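Participant: below is the sequence, then the predicted model.
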Amino acid sequence: MISTTLFRLLLAFLLVCPLTLGQNQKQQQLRKLMSGVDVAVPENDARTNQLQTYRELKLRWVDSSKSSTTLKTEAQTQAPKVSVVEDKKRSGTLPRQRSLELAPTLMFVAAVDAANKLRWWSIMPDPRIVRSETQTATGELRRQDYYISNVTLVVAFPDDPEIATLRFYHPVWNGTDFDLKPLSVVPTR
């Protein structure tokens with residue numbers, strides 16, 4: 001018969017071990033992803049020290065190289081013009097990103113310090129994408145995604161004085177994994 005203390009220790013180990021393995025796997029996946037865009041990922045996740053304030057940037061995103069092009073034919077030749085419309089400081093903490101699941105309809109946001117180290121990251125729906133659904137002659141719905149060239153978006157990130165820029169990336173499938181395609185860099189200072 002197993003003693004109660006030993007049983008509790010074994011149960012705690014079994015509960016904590018998968019969480020630790022999942023965090024390590026996510027950290028390795030993040031390192032691999034960010035190495036493709038020359039951003040260093042520190043050993044310890046900077047997001048574990050949750051600050052009690054955060055900043056909210058309202059951005060105007062104008063992409064002159066596109067005008068409602070379809071998602072499949074995206075060919076960006078010029079960097080978009082991104083300007084800060086509003087910068088607010090808020091109280092509270094930001095929700096944690098639990099997984100690193102990417103898709104072409106999402107945008108990866110990285111908060112990077114002056115030494116090119118990752119301080120925080122998030123994944124959000126790409127605000128430039130609008131979905132259209134039309135009915136075919138046979139009655140089936142046909143979906144098509146379009147890019148909008150002029151959008152306003154809000155990005156919330158920790159009020160960390162070390163964060164120098166927000167970098168926006170588009171996840172691109174390379175056949176086996178996702179790569180990050182740089183879209184824009186916004187200074188935060």
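Facilitator: Arrived safely.

Participant: and the helices in the chain?
Facilitator: Here the chain has its helices, by DSSP state H, at 4-35.

Participant: which residues in the protein form strands?
Facilitator: Ranges of strands in the chain, per DSSP state E, are 53-62, 81-91, 106-113, 118-125, 129-135, 141-147, 150-158, 163-173, 178-187.

Participant: please identify the deepest-packed of the ones you listed.
Facilitator: strand 106-113 (a mean of 22; mean count of other C-beta atoms under 10 Å). For every residue, glycine as well, the C-beta is placed using N, CA and C.

Participant: just checking, what packs against that strand?
Facilitator: Other helices and strands packing on strand 106-113, by 3 or more C-beta pairs under 8 Å, 6 or more residues apart in numbering; DSSP states H and E, are strand 118-125, strand 150-158, strand 163-173.

Participant: redo that, cut-off 7 Å
Facilitator: Applying 3 or more C-beta pairs under 7 Å, 6 or more residues apart in numbering; DSSP states H and E, one finds that strand 106-113 contacts strand 118-125, strand 163-173.

Participant: now the ones you listed as JSON lines including mean pLDDT and distance to residue 110?
Facilitator: Shown next, in JSON lines, are those (pLDDT from 0 to 100; distance: least, C-beta to C-beta, whole Å):
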{"stretch": "strand 118-125", "mean pLDDT": "95", "distance to residue 110": "5"}
{"stretch": "strand 163-173", "mean pLDDT": "96", "distance to residue 110": "5"}
